[in-house]
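Asks: Sequence and predicted structure are below.
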Amino acid sequence: MTPLDQARLACQLSRVRCRARLAGQAGEGVISTAIAVLIMALIGAAMWTLFQTVFNDAGERIQDNVEQIQ
């Protein structure tokens with residue numbers, strides 16, 4: 001086997017190894033993104049609940065103060 005043939009073989013082997021490594025991680029990005037989206041949705045739901053609670057309490061306090069003034 002000539003040095004040129006050895007170089008070609010080494011190049012082909014490195015391509016095969018690279019493809020195999022990338023094929024093993026094919027869905028990793030999609031799964032990570034889905035997990036991040038779910039976490040953000042949960043954080044958003046918690047923030048919305050807190051927002052509603054704070055403004056409902058504030059509205060009740062304002063209403064009580066207005067009634068006391070009248």
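Replies: Great, that's in hand.
Asks: So in this protein, which helix runs the longest?
Replies: Criterion DSSP state H: the longest helix present in the chain is helix 28-69.
Asks: any idea of the mean pLDDT in it?
Replies: Average pLDDT, helix 28-69: 92.
Asks: same check, this time on stretch 11-25
Replies: pLDDT averaged over stretch 11-25 gives 72.
Asks: list the helices and strands the longest helix of the chain packs on?
Replies: The criterion is 3 or more Cβ pairs under 8 Å, 6 or more residues apart in numbering; DSSP states H and E, and there are no helices or strands that helix 28-69 contacts. (Each C-beta comes from the backbone N, C-alpha and C, glycine too.)
Asks: That helix: how far from the chain's middle?
Replies: Chain-centre distance of helix 28-69: 20 Å, with Cα atoms, centre = their mean, to the nearest Å.
Asks: what do you get for stretch 58-70?
Replies: On Cα atoms, centre = their mean, the centre of stretch 58-70 falls 43 Å from that of its chain.
Asks: what about dumping the CA coordinates of that stretch to CSV?
Replies: C-alpha atoms of stretch 58-70 as CSV (Å, rounded to 0.1, in the frame of the first residue of the first chain):
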residue,chain,number,x,y,z
ALA,A,58,-53.7,45.7,45.1
GLY,A,59,-57.1,46.2,43.5
GLU,A,60,-58.9,45.1,46.7
ARG,A,61,-56.7,47.4,48.8
ILE,A,62,-57.4,50.3,46.5
GLN,A,63,-61.2,49.6,46.6
ASP,A,64,-61.1,49.4,50.5
ASN,A,65,-59.3,52.8,50.6
VAL,A,66,-61.7,54.4,48.2
GLU,A,67,-64.7,53.1,50.3
GLN,A,68,-63.1,54.5,53.5
ILE,A,69,-62.6,57.9,51.9
GLN,A,70,-66.3,58.0,50.9
